[in-house]
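J.: Structure here, sequence nowhere to be found:
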Ligand code: HEC
């Protein structure tokens, strides 16, 4: 057994190395495109959903005193906060109701939108 596989390697050492190189290159390409897919997307749709938030939270301008600014927020923590409002895990006066108006992907798109903005 051992002998067979060893001679198999010896027969095509360069092809094996080239294949490995190709495989590594393909993996790098795949993970690069995976990263690209994971990039926050800021579509026109996301911007219009987010517009519903800026009346209270401000947009790229600073929010009114006492209100959290959303622009420049950390994407994952904002998304988690929105899910917590939606599920009721986080007590809120209005956000619990508002967050229920969006499905999870829409909330993610909204978080992507604000996190891609500059902090005011
Ligand atoms: C009617 C005013 C109003 C609107 C519109 C509004 N919010 Fe809020 N938001 C609040 C208030 C008030 C709080 C504090 C929690 C509470 O009592 O509901 C809050 C809290 C938050 C927080 C937590 C901030 C922190 O750092 O604690 C996030 C995130 C948030 N809102 C996101 C959004 C998003 C996204 C939208 C749009 C889909 C939105 N809000 C629309 C009033 C609003």
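T.: Noted; the coordinates are in hand. Given the structure is predicted, the values throughout are model-derived calculations rather than measurements. Numbering: from 1, shown residues only.

J.: Around the ligand, pick out the residues from the protein.
T.: Residues of the chain lying close to the ligand (C-beta under 6 Å from any ligand atom) are 52-53, 55-57, 68, 70, 78, 81-82, 92-95, 98, 110. All C-beta spots, glycine's among them, are computed from the backbone N, C-alpha and C.

J.: Now the buried members of those.
T.: Among those, those classed as buried by neighbour count (16 or more other C-beta atoms under 10 Å) are 53, 57, 70, 78, 81-82, 95, 110.

J.: Columns pLDDT and secondary structure on top of these, output as TSV?
T.: Supplementary listing: these in TSV, determined by pLDDT from 0 to 100; DSSP: H, G, I helix; E, B strand; the rest coil:
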residue	pLDDT	secondary structure
53	95	helix
57	92	helix
70	94	coil
78	98	helix
81	98	helix
82	98	helix
95	97	helix
110	96	helix
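
J.: mind giving me the domain split of this protein?
T.: 7-38, 44-115 (automatic domain parsing).

J.: and these, which is most packed in?
T.: Looking across the domains of the chain with neighbours counted as mean count of other C-beta atoms under 10 Å, the highest average goes to domain 44-115: a mean of 15.

J.: Least confident secondary structure element in the chain?
T.: The weakest-scoring helix or strand in the chain, judged by mean pLDDT, DSSP states H and E, is helix 2-11 (a mean of 48).

J.: what residues are up against the nearest residue to residue 60 once chain neighbours are set aside?
T.: Take residue 60 and drop its neighbours on the chain: the residue closest to it by C-beta to C-beta, 6 or more residues apart in numbering is residue 71, 5.1 Å away. Listed by C-beta atoms under 8 Å, 6 or more residues apart in numbering, the contact partners of residue 71 are 58-60, 114, 117-120.
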